[in-house]
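Chemist: please find the sequence and the predicted model below.
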Amino acid sequence: MELKHAKQLKGTISIPGDKSISHRAIMFGAISEGTTEITNFLQGADCLSTISCFQKMGISIENTNDHVIVHGKGLHGLTAPTELLDVGNSGTTTRLISGILAGQSFSSTLNGDASIQKRPMKRILAPLSSMGADVKSVKSNDCAPLSFSPAKLHGISYESPVASAQVKSCILLAGLYADAPTSVTEPVLSRNHTELMLSAFGAKITSENTTASILPEPKLHGLSIEVPGDISSAAYFIAAGLLVPDSEILIRNVGINPTRDGILKAAYAMGGQIEKLNERTVSGELVCDLLVTYSHLKGTTIGGELIPTLIDEIPMIAVVAAFAEGTTIIKDAAELKVKESNRIDTVTENLKRMGADVTPTEDGMIIHGNRDSLHEADFESYLDHRIAMSFAVAALALPENCHMKDTECVNISYPTFYKDLTGLID
Ligand SMILES: O=C(O)C1=C[C@@H](OP(=O)(O)O)[C@@H](O)[C@H](O)C1
Ligand SMILES: C=C(OP(=O)(O)O)C(=O)O
């Protein structure tokens with residue numbers, strides 16, 4: 001695919017629904033009593049995998065465009081699937097659904113694509129096993145496929161070694177089926193959509209600092225949910241507006257939950273001009289519009305508590321850093337190695353292709369920014385949606401058009417990405 005260079009970007013864009021929130025709305029709706037109506041649902045392949053898994057467990061889900069209706073059957077209403085649950089490319093589906101499957105009175109097996117079969121599952125297998133779950137990695141390699149058999153679950157207090165909302169959510173969901181309260185403490189707070197949304201569905205869930213706790217066997221009831229736009233998808237337009245000279249982009253409907261808004265903090269630290277407009281709360285989540293203006297950027301250091309709040313945006317931030325003046329250090333982000341691709345390696349390789357000065361480290365990378373040294377390139381997506389989108393944005397700001405193979409992977413989280421991006425080229 002040819003990736004266009006742009007002289008200027010102008011216009012308004014509405015961001016598709018948040019991936020994390022869309023997954024959760026389907027899952028929590030399925031195990032609640034009554035109907036859950038979801039608007040602005042993300043029609044990305046990952047969220048469609050979640051829908052298909054619950055349909056295979058007897059849940060009727062109507063999906064018409066961005067409007068989804070889930071006919072929930074309550075905490076104990078799922079039925080045994082007659083075939084394998086296919087989670088596709090989605091780590092979120094895999095880890096969250098595992099918490100639910102561990103608590104069922106039937107057996108099940110899940111599997112996904114080649115990338116999913118390499119992603120680490122010990123982080124959920126260990127706590128689920130200590131709750132008494134009968135869960136196995138079928139190939140005994142701590143990866144999918146995973147198989148579940150009925151077991152009695154016990155409440156635990158778990159100290160998670162990783163700041164991961166997927167791990168936290170998996171354990172909390174298993175806690176719904178346990179015989180006593182369950183709590184999870186993380187080293188650093190990760191995104192809290194599960195805590196916010198499960199509480200709205202009627203769960204007894206509390207959060208204090210980095211600990212979330214849940215009581216078993218609540219009566220969950222269906223809800224209407226409007227999904228805010230995904231800040232992880234907005235990140236590409238934030239970066240594009242900051243990098244392409246003379247640009248001004250109004251990005252409508254962006255979720256800015258403080259556990260997700262690290263991209264804004266990083267952009268401000270780099271000198272980015274981004275105005276927050278029309279702040280409001282939608283279905284319990286903070287939302288605003290963002291007005292992004294082309295900016296002269298400088299390097300910064302990104303690490304510590306900020307990392308979980310911008311983990312999926314690091315490929316995009318690394319590209320921005322290559323155009324900024326001075327050095328950007330990204331640290332404490334070893335989790336990048338276990339995403340859809342090893343994002344430390346794949347970002348480094350593509351940055352080098354465009355002439356950037358980048359050194360990968362064990363837990364991130366160091367980038368010496370210098371716009372003048374950058375040139376057009378043939379990129380690879382590595383079949384990773386975030387890599388494909390980040391380097392399509394890089395191409396806009398490089399001196400000539402670029403190329404990339406395997407670009408259709410953007411369908412995972414943002415099917416209309418290329419159309420929306422090229423629509424802003426003046
Ligand atoms: O809970 C979620 O919806 C997600 C959590 C993050 O993963 P980890 O929990 O592995 O950090 C993130 O990278 C992923 O895109 C979505
Ligand atoms: C890591 C991601 O998703 P998941 O873990 O759900 O595959 C992502 O969307 O960048």
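Modeler: Nice, thanks for sending it over. Ligands and ions are numbered 1, 2, ... in the order given.
Chemist: pLDDT score for H296?
Modeler: What the model reports for H296 is a pLDDT of 98.
Chemist: where does it land in three-state SS?
Modeler: coil (DSSP: H, G, I helix; E, B strand; the rest coil).
Chemist: tell me how many other residues surround it.
Modeler: 12 (other Cβ atoms under 10 Å). Where C-beta positions appear, they are placed from N, C-alpha and C, glycine not excepted.
Chemist: surely G88 and D113 touch.
Modeler: Yes: between G88 and D113 there is a contact at 6.0 Å, judged by Cβ atoms under 8 Å.
Chemist: ok, these two, which is more surrounded?
Modeler: Remark: of G88 and D113, G88 carries more neighbours, 20 against 16, as counted by other Cβ under 10 Å.
Chemist: for ligand 2, see how far away the more buried one is.
Modeler: Distance, G88 to ligand 2, by Cβ to the nearest ligand atom, to the nearest Å: 9 Å.
Chemist: repeat for S283
Modeler: 20 Å.
Chemist: likewise for F54?
Modeler: Taking Cβ to the nearest ligand atom, one finds F54 at 16 Å from ligand 2.
Chemist: give me the neighbour count for the nearest residue to that residue once chain neighbours are set aside.
Modeler: Leaving aside its chain neighbours, F54 sits nearest to A30 (4.4 Å; criterion: Cβ to Cβ, 6 or more residues apart in numbering). Neighbour count for A30, taken as other Cβ under 10 Å: 29.
Chemist: need the contact list for A30.
Modeler: Residues near A30 by Cβ atoms under 8 Å, 6 or more residues apart in numbering: 54, 57, 59, 61, 70, 72-73, 78.
Chemist: next: K352.
Modeler: So K352 contacts V358 (Cβ under 8 Å, 6+ apart).
Chemist: secondary structure element for it?
Modeler: Per DSSP states H and E: K352 is located in helix 343-353.
Chemist: ok, and what's touching the helix or strand that that helix is followed by?
Modeler: Next along the chain after helix 343-353, taking DSSP H and E as the criterion, comes strand 357-361. The contact list for strand 357-361 (Cβ under 8 Å, 6+ apart) reads 318, 322, 331, 344-345, 347-348, 351-352, 365-370, 373.
Chemist: how about the strands of the stretch 151-300 of the chain, start to end?
Modeler: All strands of the stretch 151-300 of the chain, identified by DSSP state E, counting those that start in this stretch, fall at 157-159, 182-185, 205-208, 211-214, 224-226, 248-255, 273-282, 285-293.
Chemist: neighbouring strands for the helix or strand following the last one, and are they parallel or not?
Modeler: This points to strand 285-293. Later in the chain than strand 285-293, the nearest helix or strand by DSSP H and E is strand 301-302. Next to strand 301-302 in the sheet, as set by DSSP bridges, lie strand 326-330 (parallel).
Chemist: burial count for A234?
Modeler: 27.
Chemist: thinking again about what came up before, may I see the ChimeraX selection of the buried members of the contacts of strand 357-361?
Modeler: The buried residues among the contacts of strand 357-361 can be selected in ChimeraX (16 or more other Cβ atoms under 10 Å) with this line:
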select :318,322,331,344,347,348,351,365,366,367,368,369
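Chemist: now for the contacts of strand 357-361, which pair is the farthest apart?
Modeler: K331 and S373 (23.5 Å; Cβ to Cβ).
Chemist: sorry, back to before: output the strands of the stretch 151-300 of the chain as CSV; include the columns mean neighbour count.
Modeler: Below are the strands of the stretch 151-300 of the chain laid out as CSV (neighbours: other Cβ atoms under 10 Å):
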stretch, mean neighbour count
strand 157-159, 15
strand 182-185, 22
strand 205-208, 15
strand 211-214, 22
strand 224-226, 19
strand 248-255, 22
strand 273-282, 13
strand 285-293, 20
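Chemist: the helix or strand where F391 lies vs helix 343-353, what angle?
Modeler: Assigned by DSSP H and E, F391 belongs to helix 385-397. With axes from the mean of the first three to the mean of the last three Cα atoms, to 10 degrees applied, the angle from helix 385-397 to helix 343-353 works out at 20 degrees.
Chemist: thinking again about what came up before, touching ligand 2 at all, the helix holding K352?
Modeler: No: between helix 343-353 and ligand 2, judged by Cβ under 6 Å from any ligand atom, nothing touches; the nearest distance is 8.4 Å.
Chemist: go on, stretch 192-209?
Modeler: No: contact of stretch 192-209 with ligand 2 (Cβ under 6 Å from any ligand atom) is absent, the minimum separation being 12.5 Å.
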